[in-house]
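Novice: no sequence on this one, just coordinates:
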Ligand SMILES: C[S@@+](CC[C@H](N)C(=O)[O-])C[C@H]1O[C@@H](n2cnc3c(N)ncnc32)[C@H](O)[C@@H]1O
C-alpha cells in the first residue's frame, strides 16, 4: 500500500446532543476517510461520515477501555499514513480530562500534521442545559473543573476555593469527593446537583446538598457519565428556569 502523509483532526464531539458539535468539527467529520471514536461521543455523529469512511471504535468510557492509549496513538499514526484525513472524535472537549493533547504531541513528534478542533465540554453544557450558570456577575467569579477520580485511588481529591466546582468522573468516588468538600470548609448545606447523560434526550438531574449528595445519588441510581456541580449557582439555576 502506498504511504500517504495525511492530516489528523482531533475533534471535540460535544457532550452528547449531536447538534453540539462545532461547524468546523462537522466539516472535518464529513471529509474524513477514517474516524476513531470513543463511547462518549454520540454515535449519531458517525452518520455524517462518508459511506466509505473507515469507522473504528477505540472505546474509552469510565473504567472501560477497549484499547490502551499506546495502541490508540499507534493506530492514529498508522491511519494517518493510510488516509488523507483521519478524525479522532472525542466526547466533550478533546483536551478536558481527555488525552487529546497527548495524542497530538505523539503525532506531531512523528511528523504528522495535526489540527485540534475544540468541543463543548460536559462540564459547562451539562449545568447550562438545566439553567445553571457557572459564574454570576459580581457574585460568583471563579469556577474549577476537577477530576473526581484519580489513578491512585488513595490520592486526595481537590476542592479549591472557587465559587463553583464541577467534578467529572465523580460517581464511583463520591464519598471521597464529599470528604474533600468538607475538608475545604464547605458546609453540609452547600447546594449541589448531579447531572447524568447531560444534553442527551434521557438526561436527568438530581438536586442535593453536600451533606446529602452521596445518599441522594445512590437512591436515584446515578450512573456515569455524570457531572457534579457544587455551589450557590445550583440554587440560581433552580430559581431561574
Ligand atoms: C474522561 S472524561 C471526558 C470529559 C470530556 N472530554 C468533556 O469535555 O466533557 C469523562 C467524564 O466526563 C463527564 N461527561 C462526559 N460526557 C458527559 C455527559 N453527557 N453527561 C454527564 N457527564 C459527562 C463524566 O463525568 C464522565 O465521567
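Specialist: Nice, thanks for sending it over. All figures in this text were calculated on a predicted structure; none of them were measured in a lab.
Novice: pLDDT wise, what is residue 60 at?
Specialist: pLDDT, the model's per-residue confidence, is 59 for residue 60.
Novice: Around the ligand, which positions in this structure sit nearby?
Specialist: Selection of the chain residues close to the ligand by C-beta under 6 Å from any ligand atom yields 15-16, 40, 62, 91-93, 96-98, 121-123, 126, 168-169, 195, 197-200, 224-227. Heads up, the C-betas are built off the backbone N, CA and C, glycines and all.
Novice: Which of those residues fall within strands?
Specialist: Assignment to strands by DSSP state E places the following of these there: 168, 195, 226-227.
Novice: got the contact list for the closest residue in space to residue 130 that isn't next to it in sequence?
Specialist: With C-beta to C-beta, 6 or more residues apart in numbering as the measure, residue 205 is the residue that lies nearest to residue 130, at 5.1 Å, once sequence neighbours are left out. By C-beta atoms under 8 Å, 6 or more residues apart in numbering, the residues touching residue 205 are 130, 193-196.
Novice: follow-up on the earlier one: just the buried residues out of the residues of the chain next to the ligand, in ChimeraX syntax.
Specialist: Isolation of the buried members of the residues of the chain next to the ligand (16 or more other C-beta atoms under 10 Å) is achieved in ChimeraX through the command below:
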select :15,16,40,62,91,92,93,96,97,98,121,122,123,126,168,169,195,197,198,199,224,225,226,227
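Novice: helices and strands of this protein: which one bottoms out on pLDDT?
Specialist: Of all the helices and strands that make up the chain, the one with the lowest confidence by mean pLDDT, DSSP states H and E is strand 60-61; it has a mean of 58.
Novice: which ones are touching residue 51?
Specialist: Taking C-beta under 8 Å, 6+ apart, we find residue 51 in contact with no residue.
Novice: mind checking pLDDT for it?
Specialist: Per-residue confidence for residue 51 comes out at a pLDDT of 96.
Novice: again, but for residue 95
Specialist: On pLDDT, residue 95 comes in at 97.
Novice: Test my guess that it contacts residue 121.
Specialist: No - under the contact definition of C-beta atoms under 8 Å, residue 95 does not touch residue 121, with a separation of 9.1 Å.
Novice: Give me the pLDDT value at residue 11.
Specialist: Per-residue confidence (pLDDT) for residue 11: 98.
Novice: And for residue 178, the neighbour number?
Specialist: 24 (other C-beta atoms under 10 Å).
Novice: show me what contacts it?
Specialist: With C-beta under 8 Å, 6+ apart as the criterion, the residues that contact residue 178 are 210, 213-214.
Novice: did I read that right, residue 27 in a strand?
Specialist: No - going by DSSP: H, G, I helix; E, B strand; the rest coil, the assignment for residue 27 is helix, not a strand.
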